[in-house]
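Peer 1: here is the input, now give the coordinates:
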Amino acid sequence: MVTVLRALLRGATYSRLLHLWVPWLPFSIWIFIYPDAPWVPALVLLPLGLIPSVRRVEGVQAQLMLTPGEREPGISQKPSATWQDRLRTVLWLAVRMVLMVVVGYVTVWPFFLAYLLGESVTGHVPEELPFLGGAQPHWAYALLVPVPLLAAGLLMVGIGELVTAAARRLLGPSPAERLAALEARTEQLLERTRIARELHDSIGHALTVAVVQAGAARAAGDPAFTDRALAAVEETGRAALEDLERVLGVLREAQKPVSSRPTLADADRLLESARASGAKVDAEVTGPVGTVSGPVSREGYRILQESLTNALRHAGTVPVRVRIRVAEGTLLLEVRNPLPGDVPGPGRGSGLRGIRERAALLGGRARTGPDGGDWAVRAELPLAGAEMR
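Peer 2: Numbering: from 1, shown residues only. Okay, here's the model as predicted:
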């Protein structure tokens, strides 16, 4: 009971009441004009739920008035994308209309009894009242008024909780929206992990080189050696700044919705960027790449991007062979380039770990390392498995 009484002091209780009471006004006017046809508004309003934009309008209202101040109200503000969403919207409108009528009568009766109290003082109360059994002294009405007021308050709290629960259930995110949100969250976590590793490797390496070279130059006291050390620091710092700019670009891109992020359909711009950097890229694409599902295509793009970046970073402007093939329910990505002088061992480097982690997340696998005189990155991603995730 204490919890309910506290709820009467919350603003959300009355914003919920207002959410239901405002539609009651035109409905009550209709009932006053056409008392024999109270069902007509329902026949007119319920089919409106089949219009996709109505779900967005109802979602915005519900979130503002039923869950004010909540960070995650669980109410969607997107239009209906499927017939299931439309039917849920129709059902929501029906629930709202029923609760609207209940709230209308609950809020009217206390005022009616207060009116009877005033009329009893002047002696204008009818002698026969169905619910009282006859004329009553005015003190009887005075005792009756607080009872329905308290009952109305309790009902308002209960109806407010009920309509909020119905809104979360019927206007909540659809399965497709939940999947899109999960994809966005997964993409965000993957990018944050990769960004943290790249910043650690790139900036940490640059700072280490700068510190070591500066200390050696000071200890040597040789102008020629100092010039070479400063050149090494400059070159390393410039490379670190380029890596940082690329990472910041990823951070800016993370604000975009998942559906607008690059996929393998945008692979040409990666290849052209590599060619502009001086690499000779030989690319071969086989199969319907455009039909690959969103998660697989986006992760494939990232794997290709990381592979080309590693080739340019470690091997320089060397010939790079890229093979993208979609067949037998699998996306195959292969990037090969001649081995550089300093060959990293398999498993080293955050970029290579990121490639393997991306493939494993989608139920696939990736191999990186020397292969027949080349450095090879080969990733196999299952198409069907990713669609189920």
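
Peer 1: which residue ranges of the stretch 101-250 of the chain form helices?
Peer 2: Remark: helices assigned in the stretch 101-250 of the chain by DSSP state H, counting those that start in this stretch are 138-144, 146-170, 175-220, 223-253.

Peer 1: those: lowest mean pLDDT?
Peer 2: Ranked on mean pLDDT, the bottom entry among those is helix 138-144, at a mean of 55.

Peer 1: report the buried residues of stretch 150-163.
Peer 2: Of all the residues in stretch 150-163, those buried under the rule 16 or more other Cβ atoms under 10 Å are 152-157, 159-161, 163. For every residue, glycine as well, the C-beta is placed using N, CA and C.

Peer 1: any chance of CSV for the residues you listed, columns distance to I31?
Peer 2: Output for the buried residues of stretch 150-163, formatted as CSV (distance: Cβ to Cβ, whole Å):
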residue, distance to I31
A152, 20
G153, 25
L154, 25
L155, 20
M156, 21
V157, 26
I159, 20
G160, 23
E161, 27
V163, 21
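
Peer 1: for A7, report the pLDDT, please.
Peer 2: Taking A7 on its own, its pLDDT is 70.

Peer 1: these two touch, right, it and R16?
Peer 2: No: look at A7 against R16 with Cβ atoms under 8 Å: they stay out of range, at 10.1 Å.

Peer 1: between these two, what contacts are shared?
Peer 2: Common contacts of A7 and R16, defined by Cβ atoms under 8 Å, 6 or more residues apart in numbering, comprise G160.

Peer 1: returning to what we had before: for the buried residues of stretch 150-163, which one is nearest L91?
Peer 2: Closest approach to L91 among these (Cβ to Cβ): V163, at 13.0 Å.

Peer 1: can I assume that closest one is in contact with M100?
Peer 2: No: with contact defined as Cβ under 8 Å, V163 does not count as touching M100 (9.1 Å).

Peer 1: mutual contacts of the two, please.
Peer 2: Contact criterion Cβ under 8 Å, 6+ apart; residues bridging V163 and M100 by contacting each: L20.

Peer 1: tell me where the stretch 1-150 of the chain is predicted with low confidence.
Peer 2: 1-5, 108-149 (pLDDT under 70).

Peer 1: V377 is in what secondary structure piece?
Peer 2: When secondary structure is defined by DSSP states H and E, V377 falls within strand 374-382.

Peer 1: and that strand, average pLDDT?
Peer 2: The average pLDDT within strand 374-382 is 90.
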